[in-house]
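>>> have a look at this prediction, sequence included:
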Amino acid sequence: MKIKVFPTKAELAQDAASRAADVIREAILRRGEARIIAATGASQFEFLDALTKAEGIDWKRVEMFHLDEYVGLSDQAPASFCKYLKERLIDKVGIEKYHLLDGTEAPASVIARVSAEIRKAPIDIAFAGVGENGHLAFNDPPADFDTEEAYIVVNLDEACRKQQLGEGWFPTLADVPTQALSMTVKQLMKAKEILVIAPDERKAKAIKACFDGPIGNLAPASILQRHPDTTVYLDRESAALLSPAAIEAFRG
């Protein structure tokens, strides 16, 4: 794992998008296709905007998988991650092959269908964030590091639900769903390369807990320390609590 710290969120997004675009283009050149996992949330806005502007990507050769979605939420709801991905990625670049998690369908059916697809071939690159509680996808602490399932139904803890409220996705805490469909930790860790985009001061405590201390399921994203090709993209604010020793250890 490597950590890269940038002066601004815009510089962070541009550098991460440049790397993502390189990986996608290389995979298409090598195999004729690229398989990616896309994250959502406020932390991904600038990154996805930069990625969709990257030149030389044949998006019709890109297959996209969805990281997580709320159980029971329609894809027409403002907070829907299906809606988010359609508007900010799929429709903007013309991705034709994608696997969204339908929050209104029976969870077992969604899990069976998308799990079968993601297991067909390796993932070239995954994009992820880090929650304010350290979650990875919607795997809140204590996260399940052991399940071999590709997707599971998870219960969202209060810190996670408050983050969604604070980001403006829901009008009240009572409106935030209590369950979600989430890619598992093990499935995400199978990606050949992972880019973690985690700007903003509100992420600083989680970044310190996950990357300036031991690996453990109470700081779910800490597991990324074991991944052979993960880069964590931080701005000054999100990196503010990291010790110089941690930054140096993961400089790469």
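Sure thing, it's come through.

>>> thought residue 9 was touching residue 50, still the case?
No: no contact is recorded between residue 50 and residue 9 when judged using CB atoms under 8 Å, the distance being 10.8 Å. Backbone N, C-alpha and C define where each C-beta goes, glycine included.

>>> how about residue 53, phi and psi?
When read as degrees, to the nearest 10, the backbone of residue 53 gives phi -90, psi 0.

>>> for it, which non-adjacent residue is spatially closest?
In space, not counting the residues next to it along the chain, residue 53 is nearest to residue 17; the distance is 7.8 Å by CB to CB, 6 or more residues apart in numbering.

>>> what about the closest residue to residue 150 other than its chain neighbours, how many residues nearby?
Taking CB to CB, 6+ apart, and ignoring the residues beside it in sequence, residue 150 has residue 115 as its nearest neighbour in space, at 3.9 Å. Residue 115 has 17 neighbours, counted by other CB atoms under 10 Å.

>>> can I have stretch 113-123 written out in PDB, keeping just the CAs?
Output in PDB follows, covering the C-alpha atoms of stretch 113-123 (Å, rounded to 0.1, in the frame of the first residue of the first chain):
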ATOM      1  CA  ARG A 113     -26.900 -12.300 -10.000                       C
ATOM      2  CA  VAL A 114     -24.100  -9.700  -9.500                       C
ATOM      3  CA  SER A 115     -21.900 -12.200  -7.600                       C
ATOM      4  CA  ALA A 116     -22.000 -14.600 -10.600                       C
ATOM      5  CA  GLU A 117     -20.900 -11.800 -12.900                       C
ATOM      6  CA  ILE A 118     -18.000 -10.500 -10.800                       C
ATOM      7  CA  ARG A 119     -16.500 -13.900 -10.300                       C
ATOM      8  CA  LYS A 120     -16.200 -14.500 -14.100                       C
ATOM      9  CA  ALA A 121     -12.800 -12.700 -14.400                       C
ATOM     10  CA  PRO A 122     -10.400 -10.600 -12.300                       C
ATOM     11  CA  ILE A 123     -11.100  -6.900 -11.700                       C
END
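
>>> would you agree residue 20 falls within a helix?
Yes: going by DSSP: H, G, I helix; E, B strand; the rest coil, the assignment for residue 20 places it inside a helix.

>>> what about it, distance to residue 166?
As defined by CB to CB, to the nearest Å, residue 20 lies at a distance of 27 Å from residue 166.

>>> what residues does stretch 179-188 touch?
37, 65-72, 101, 103, 107, 110-111, 118, 126, 128, 136-139, 143-156, 194, 220, 223 (CB atoms under 8 Å, 6 or more residues apart in numbering).

>>> next, the buried residues of it.
Counting neighbours by 16 or more other CB atoms under 10 Å, one finds that the buried residues in stretch 179-188 are 180, 181, 182, 183, 184, 185, 187, 188.

>>> and the residue lying closest to residue 8 once chain neighbours are set aside, what does it touch?
Here the nearest residue to residue 8 in space, its sequence neighbours aside, is residue 235; by CB to CB, 6+ apart that works out to 6.1 Å. In this structure, residue 235 makes contact with 5, 6, 7, 8, 9, 11, 12, 199, 200, judged by CB under 8 Å, 6+ apart.

>>> number of residues surrounding the closest residue to residue 78 other than its chain neighbours?
Closest residue to residue 78 in three dimensions, ignoring its sequence neighbours and counting by CB to CB, 6+ apart: residue 169, at 6.8 Å. Applying other CB under 10 Å, we find 20 other residues in the vicinity of residue 169.

>>> can you check the one 4 residues further on too?
The local packing count at residue 173 equals 12, with neighbours defined by other CB under 10 Å.

>>> before we move on, which element is the nearest residue to it once chain neighbours are set aside in?
Closest residue in space to residue 173, ignoring its immediate chain neighbours: residue 165 at 5.2 Å, by CB to CB, 6+ apart. Assignment of secondary structure by DSSP states H and E places residue 165 within helix 158-166.
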